[in-house]
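Peer 1: 3D, please:
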Amino acid sequence: MRYGRRIALDIGDARIGVASSDPHGILATPVETVRRGPGDLGRIAALAAELEAFEIVVGLPRSLSGGEGPAAVKIRETAKQVQDLVQVGNAALAVRLVDERFTTVTAERMLRERGKKGAKRRAVVDQAAAVVILQHALDLERETGNPPGRAL
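Peer 2: As a prediction, the model looks like this:
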């Protein structure tokens, strides 16, 4: 298992959920929800620097068959923009794309089970989805010994 903090992004049209790991890559925790719009990707770059992340894991939406549609194209473009921003300050920071099928559904279920309803759930579901994405990536790396997903 590689040592260092990672952050994960669940990129949506209205919000970006952000989660981070501990340096040992054991546990993913929520960080914040960034509203989409001017300065959103700058905030992501700032969080990566503040948290001293060595890697950003971005959830890539795929169909049930594993194919990619228009949403995946948008996510790839946004991930590339994030990579371009963070490379300016840290050439070693990698951006990886990982399959995010069912992460929002899983996050919604977890929040419902914990009693979060309505606006409270909507406010944190993107962070929870980012946690699911990152925890899956951490577990996969621990099981296989390889970095998760694919590098941009």
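Peer 1: and Tyr3, how many residues sit next to it?
Peer 2: 8 (other CB atoms under 10 Å). Placement of C-beta: from N, CA and C, glycine included.
Peer 1: For it, give me the pLDDT.
Peer 2: According to the prediction, Tyr3 has pLDDT 95.
Peer 1: Quick check: it touching Pro23?
Peer 2: Yes: contact criterion CB atoms under 8 Å: Tyr3 and Pro23 qualify, at 6.1 Å.
Peer 1: how close does Asp10 sit to Gly37?
Peer 2: Counting by CB to CB, to the nearest Å, the gap from Asp10 to Gly37 is 17 Å.
Peer 1: Name the SS class of Ala8, please.
Peer 2: For Ala8, the assignment made with DSSP: H, G, I helix; E, B strand; the rest coil gives strand.
Peer 1: Then Tyr3?
Peer 2: In three-state terms, and counting by three-state DSSP, Tyr3 is coil.
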